[in-house]
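Participant: model the following, please.
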Amino acid sequence: MMHNIPQLSDDEVEGYLKDMIAVLKDPKALLYDSEAQTAVTHLETLLNTRLILTTDMEKKAIESTLSVIEDVGTQCEEVSNAHKIRFQEIVEKETLRCQEKLQDLTNESIEKIRKETDNSLKGLQRERKNADLVEKNENILKDIIHLCKKKKEKCLENILLIGTAGCGRSAFINTVHKALSGRYIMKAKCGHGKCLSLTRTFQRFTNCGMKEEDIVNTDRYNDVKDIVPYLPSLIDMPPLGDAYNPQLQELLELAIGGYIPNGTSIESICKLQSENYPGFLKDYFATSDPDMKVGIVLLFYSGKGILPIQLKTKCEFK
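Facilitator: Numbering: from 1, shown residues only. Reported below is the predicted structural model:
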């Protein structure tokens, strides 16, 4: 621009100098650049000295200024490129982190769905198993009803339930009653925790403890009410030990023979045995009650305990 002007006025030169100083003092790009500020110092010196500048001098000054500006532009470009690379690295890192987080969430969702599916399948299997069990129980009840209706005489058969403490005799009685009546009624008291057994006396549950008023379902009532008199009776014998001795043998013989009256305390019988001569109970309970005479003996034992071999052997012998 200046090559075509052989000579400039002082005002024009001053204007050009001030413009270049303003550019070199740009706070956004050149204010903190040392070379740019060195050029500013020289330009201000020229401006204050009021020298008459030749075209060659002005050309050199402009070229120097343009060189500084070019260098600063190059530096700015390098900084910009560095920021671009850093930004790209940050984007890639955050993208990878998000992908990993998304994968974790996906895996957690898949695991949650798998567990829920497994639980649902287990629930369906339990429901199906329960439904099969209910159907099986209903078929057994139908068989019982059919057999009872074929009988011509009311059932006088007694089933003696024996076993060690906590083996489930009372629970068996309540379960049989529930299967027949359709609802749970605690006919026999069950022990819990440290109190393994609550049975203290010989208890006879006539016709499995069934009464017509125990049946609340109309369909069940119509099916079962007529067979109640034909159901066997259950005799719950207080818990026995597993020792082979004459006292145990005597108790079993008297219980099976129907000599021990309903409601007799086991403590009182054992006391009579210990305070009197061997065989005293046979003399004491001399009369057999047909209603208490046993035709079937069921031996109970807990799966958590040991099979009472001696008691089992005596029952099989009898």
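Participant: how many neighbours does P229 have?
Facilitator: P229: 14 surrounding residues under other CB atoms under 10 Å. No exception for glycine: its C-beta is placed from N, CA and C like everyone else's.
Participant: I meant G182, not that one.
Facilitator: 17.
Participant: would you agree it is in contact with R220?
Facilitator: Yes. The pair G182 / R220 is scored as a contact, 4.4 Å apart, by CB atoms under 8 Å.
Participant: quick one, strands of the protein?
Facilitator: Along the chain, counting by DSSP state E, strands occupy 158-163, 203-205, 233-236, 296-300.
Participant: can you give me how far the third one is from the chain middle?
Facilitator: I take that to be strand 233-236. The chain centre lies 41 Å from the centre of strand 233-236; the measure is CA atoms, centre = their mean, to the nearest Å.
Participant: same for it, what does it pack against?
Facilitator: strand 158-163, helix 169-181, strand 203-205 (3 or more CB pairs under 8 Å, 6 or more residues apart in numbering; DSSP states H and E).
Participant: and the contacts of it?
Facilitator: Applying CB atoms under 8 Å, 6 or more residues apart in numbering, the external contacts of strand 233-236 come out as 155-161, 169-170, 173, 176, 188, 199, 202-209, 255, 262, 291-292, 294.
Participant: please indicate which of these are buried?
Facilitator: 155, 158-161, 169-170, 173, 176, 188, 199, 202-209, 255, 292, 294 (16 or more other CB atoms under 10 Å).
Participant: may I ask which helix or strand of this protein has the lowest mean pLDDT?
Facilitator: Lowest by mean pLDDT, DSSP states H and E among the helices and strands of the chain is helix 309-317, with a mean of 51.
Participant: indicate which one of the strands of the chain is closest to P246.
Facilitator: Among those, strand 158-163 comes nearest to P246, with 17.0 Å by CB to CB.
Participant: so the closest one versus strand 296-300, what angle?
Facilitator: 20 degrees (axes from the mean of the first three to the mean of the last three CA atoms, to 10 degrees).
Participant: just checking, what packs against strand 158-163?
Facilitator: helix 169-181, strand 233-236, helix 246-257, strand 296-300, helix 309-317.
Participant: paired strands for it, with orientation please.
Facilitator: When pairing is defined by DSSP bridges, strand 158-163 lines up against strand 233-236 (parallel), strand 296-300 (parallel).
Participant: how close does the most centrally placed residue in the chain get to E127?
Facilitator: With distances taken as CA atoms, centre = their mean, N119 lies nearest the centre of the chain, 9.1 Å away. N119 sits at a distance of 12 Å from E127 (criterion: CB to CB, to the nearest Å).
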